[in-house]
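Asks: Just need the structure, nothing else, for what follows:
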Amino acid sequence: MASANKIAVLAALVLLLQASSCAVARRPAGYGDGGIPAVMTVNGFQKGEEGGPSECDGNYHSDKLPLAALSTGWYAKGARCFKKIRITSVQTGRSVEAIVVDECDSRHGCKDNIVDTSKVIWEELGLDTNIGEVPVTWSDA
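Replies: Next comes the predicted model:
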């Protein structure tokens, strides 16, 4: 009877280890080693600019705030709403924290690798908004 319990415990441990290694395998590329590679674009979060109200709260927000919208998968059905992310410019090496307030909807034209940010993020990273798209990495802050 004791050996049957030991086998059951060992089997449960093996299943747990397999499940945890599957979860690690599903993390986005770059996770945990300096950030997830992405393309940063510039967005306006104020009323009258290109987007509508924020998905997180249905409001518009000032472009003077460090804000971001993430592609649908990274937005995670709102799980990152009002959470901080760290964005690092591949070009300048500078990093800045931004608050996620919106989704860049990958089902309606947004690519799967976009971090859409307010102009103040570009300024803090030492980048020109006229470029339009730049390589960055990002991670949860």
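Asks: what about Gly73, neighbour count?
Replies: The tally of other residues near Gly73 (other Cβ atoms under 10 Å) stands at 12. Bear in mind the C-beta positions are built from the backbone N, C-alpha and C, glycine included.
Asks: And Val39, by the same measure?
Replies: 16.
Asks: For it, pull up the helix or strand it's in.
Replies: strand 36-42 (DSSP states H and E).
Asks: Under a three-state scheme, what state does Leu127 occupy?
Replies: On the three-state scheme (DSSP: H, G, I helix; E, B strand; the rest coil), Leu127 is labelled coil.
Asks: So it sits against Thr88, correct?
Replies: No. Applying Cβ atoms under 8 Å, one finds Leu127 not in contact with Thr88, separated by 11.6 Å.
Asks: what helix or strand is the spatially most central residue of the chain on?
Replies: Compute the mean C-alpha point of the chain, and by Cα atoms, centre = their mean the closest residue is Trp74, 4.6 Å away. Assigned by DSSP H and E, Trp74 belongs to helix 72-75.
Asks: Please tell me how far that helix is from the chain's geometric centre.
Replies: How far helix 72-75 lies from its chain's middle: 7 Å, per Cα atoms, centre = their mean, to the nearest Å.
Asks: what's the first-to-last distance across stretch 122-140?
Replies: End-to-end distance for stretch 122-140: 18 Å, by Cα to Cα, to the nearest Å.
Asks: same check, this time on stretch 70-79
Replies: Using Cα to Cα, the two ends of stretch 70-79 sit 11 Å apart.
Asks: Contacts for it next, please.
Replies: Residues outside stretch 70-79 that contact it (Cβ atoms under 8 Å, 6 or more residues apart in numbering) are 28, 36, 55-56, 69, 80, 85, 100, 102-107, 110-116.
Asks: tally of neighbours for Asp112?
Replies: Residues near Asp112, counting by other Cβ under 10 Å, number 13.
Asks: residues touching it, list them.
Replies: So Asp112 contacts Ser71, Thr72, Gly73, Ser106 (Cβ under 8 Å, 6+ apart).
Asks: and it, backbone torsions?
Replies: phi -80, psi 0 (degrees, to the nearest 10).
Asks: distance of it from Glu49?
Replies: 23 Å (Cβ to Cβ, to the nearest Å).
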